[in-house]
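# Got a predicted structure plus its sequence, pasted below:
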Amino acid sequence: MLVDAQRWRAEFPALAQTVNGHPLAYLDSASTAQKPRAVIDATRRAYEKECANVHRAVHTLGGAATELYEGVRERVRGFLNAGDAGEIVFTRGATEAINLVAWSFGKTVVGPGDEVLASEIEHHSNLVPWQMLCAERGAKLRAIPVDDTGQLDLARFKEMLSPKVKIVAVTHVSNALGTVVPVEQVIAAAQAAGAAVVVDGAQAVPHLPVDVRALGCDFYCFSGHKLFGPTGTGVLYGKAERLREMPPWQGGGSMILSVSFDHTVYSEPPQRFEAGTPNIAGIVGLGAAIDFVEGIGQGAIGAWEHELVRYATDTLSGVPGLRWIGTAERKAAILSFVLGKIHPHDVATVLDHEGVAVRAGHHCAEPAVRRFGVGGTVRASFALYNTPAEVDALARGLRRAVELFA
Amino acid sequence: MTPELRDLYQGLLLEHNARPRNLGPLPSPTHEATLHNALCGDQVTVRLRVEAGRVVEARFEGEGCALSRASASMLTLAVAGRDRGEIAAIRAELSKLLARGAEHEAADRERLGDLVSLEGVRDVPSRRRCATLPWEALDAALGPPGGEERAR
């Protein structure tokens, strides 16, 4: 198993560097994952060779670029097991995907007195857009509570459902705590009560296989950059019957069939939601990232991460003063903790001096962190390229921090 | 311990972090301000009692890292008994201390006293604001230089 991780690791040029005199231990993949050579090469090739705009040009390069771009749409369809490539909308990230749903779909279904439910552990990107929408529509945003382990309280959630609830927004995996949310149950209960469900899969797709048809959610989104793809790429999956009914969100080129000053006829989805020239080279890179992940297999990735997390949990539990934040039974490869009274940013600075990169703070999920009575945590997040030696470096750094601030 | 880390977390700074001076509420302050660091969610409140143009007492409260806590603690000592002009002079020297290049070299270390122990953040741009946040709160509490003293 370790041999495989070393082989995967060799594909990531950025991991081969030293930081502050130590080999880099990159434990911040939940912020953004490192990029394998295949992604970097595919993105570069899209600029060096098939560099043209999509869906416009009659010339050969334009055709080649369009074919590459639409080919990725089909690969994303397969990756999520969606029924039709037309259900895949490219965005610049999960954040934009959620904003698209809020301002196109949300605006038409949420009215005065209605409610939107979002869990207490949402990333700000699956919280603030709903807050903005509710403020504009005179609706109410309510928090689905989590228990002391950081898992959603499903009983309380079911009690909150009513005909007033139009949208339920929930994360598949918590970025701050690592909780794997039983979204199947959330989706079933919400839809039975007549609400549409938006699942934020940004932290899920790098770790677990996702089947949107089996889930049955109305919307599912993720960011390319957390899946080893380029920054500025993202995906919104929307059920065909939902997308068909939705008005455009942004206007511009590509999203129209015909335009006059009196009247514009919009394209069918997904083009209706892709105004302007997209991040073509980035999307081509995203296709390479999906090939990379599928080439290894999410089963193998999950198994390796599981081993790493188990080793890290055992190793770090011996560090004096360490308290885990988020102890749900099902967790992805994200470990959040506090270290005595030492501020997470001081811990992160000490670790950085040891070449260990972690995230510290509220992880853009302030309510989730506050729920546990702390202002911030230290977060170590793992990906397929991490090794037990990096866990050891983390433990060593944490002991240094304890010594320094004793 | 790597030497660079000791440059950042100097003994005096760690001591102020472990035993901060003037931490807690100040009854009936004449000036106060609370500032947030959006990057980390930290916040600091600086409260002052100013009499006849002089700070007679300064206290702070907040949630912050070692750098911001120590900086706030040292601030309360540095401004006590001083008028606006003297505080502005200390502020100017602190800005020099945290700057890079020739300006840094020109900082009046004697005038800065304990504050010299904040020097290490100069080389850690991501943590610089941690040290300056309490001082920005002080500025906000005192209001613009030369302006009317702002009532609470």
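Everything's here; your move. Numbers count the residues shown, from 1 in each chain, chains lettered A, B, ... in the order given.
# Just give the number of residues close to residue 143.
Chain wasn't specified; assuming chain A. Using other CB atoms under 10 Å in any protein chain shown, A:Ala143 has 15 neighbouring residues. C-beta coordinates here come from the backbone N, C-alpha and C atoms, glycine included.
# I was after chain B.
For B:Gly143, the neighbour count with other CB under 10 Å is 15.
# pLDDT weak spots in the chain?
Here I'm looking at chain A. A:1-3 (pLDDT under 70).
# you looked at the wrong chain, it should be chain B
For chain B, the stretches flagged by pLDDT under 70 are B:1-3, B:145-152.
# Which single residue of it ends up nearest chain A?
Nearest residue of chain B to chain A (CB to the nearest CB) works out as B:Cys65 at 3.7 Å.
# how close does that residue get to A:Trp304?
As judged by CB to CB, to the nearest Å, B:Cys65 and A:Trp304 stand 34 Å apart.
# so how far is B:Ala106 from A:Gln151?
A:Gln151 is 57 Å from B:Ala106, by CB to CB.
# got it, and A:Ala333?
Computed as CB to CB, the A:Ala333 to B:Ala106 distance reads 49 Å.
# Looking at these two now, which is surrounded by more residues?
Between A:Ala333 and B:Ala106, counted using other CB under 10 Å, the more crowded position is A:Ala333 (26 against 11).
# Identify the residues contacting the more buried one.
Neighbouring residues of A:Ala333 by CB atoms under 8 Å, 6 or more residues apart in numbering or on different chains: A:Ser29, A:Gly178, A:His207, A:Glu305, A:His306, A:Leu308, A:Val309, A:Ser381, A:Phe382, A:Ala383.
# Can you say which of the residues you listed are buried?
A:Ser29, A:Gly178, A:His207, A:Glu305, A:Leu308, A:Val309, A:Ser381, A:Phe382, A:Ala383 (16 or more other CB atoms under 10 Å in any protein chain shown).
# Leaving out chain neighbours, which residue sits closest to the first one?
In space, A:Ser29 comes closest to A:Ala383 once its chain neighbours are excluded; the distance is 3.9 Å by CB to CB, 6 or more residues apart in numbering or on different chains.
# That neighbour belongs to a strand?
No: under DSSP: H, G, I helix; E, B strand; the rest coil, A:Ala383 sits outside any strand and is assigned coil.
# Would you check that it makes contact with A:Thr32?
No: A:Ala383 is beyond contact range of A:Thr32, at 10.4 Å (criterion: CB atoms under 8 Å).
# Mind listing the shared neighbours of the two?
Common neighbours of A:Ala383 and A:Thr32 (CB under 8 Å, 6+ apart) do not exist.
# ok, the contacts of A:Ala333 vs chain B, which is closest?
The closest of the contacts of A:Ala333, once distances to chain B are taken by CB to the nearest CB, is A:Ser381, at 17.9 Å.
# The closest one is in contact with A:Leu335, isn't it?
Yes: at 7.4 Å, A:Ser381 counts as touching A:Leu335 under the criterion of CB under 8 Å.
# any shared contact partners between those two?
Residues touching both A:Ser381 and A:Leu335 by CB under 8 Å, 6+ apart: A:Gly178.
# For B:Cys65 and A:Trp304, indicate the residue with more neighbours.
Legend: neighbour count by other CB under 10 Å for B:Cys65 and A:Trp304, higher for B:Cys65 (27 against 23).
# got the contact list for the more buried one?
Here B:Cys65 is in contact with A:His343, A:Pro344, A:His345, A:Asp346, B:Cys40, B:Asp42, B:Arg127, B:Cys130 (criterion: CB under 8 Å, 6+ apart).
# B:Leu26 contacts B:Glu57, doesn't it?
Yes: in this structure, B:Leu26 is within contact of B:Glu57 by CB under 8 Å, at 6.4 Å.
# Overlap of the contact sets of those two?
Counting by CB under 8 Å, 6+ apart, the residues touching both B:Leu26 and B:Glu57 are B:Leu48, B:Arg49.
# ok, which stretches of chain B are strands?
For chain B, applying DSSP state E gives strands covering B:31-37, B:42-51, B:54-63.
# so, in contact with chain A or not, the first one?
No: where contact is defined by CB under 8 Å from any CB of the partner chain, no part of strand B:31-37 touches chain A; the two come within 9.5 Å at best.
# the inter-axis angle of that strand versus strand B:54-63?
Counting by axes from the mean of the first three to the mean of the last three CA atoms, to 10 degrees, strand B:31-37 lies at 30 degrees to strand B:54-63.
# Sounds good, over and out.
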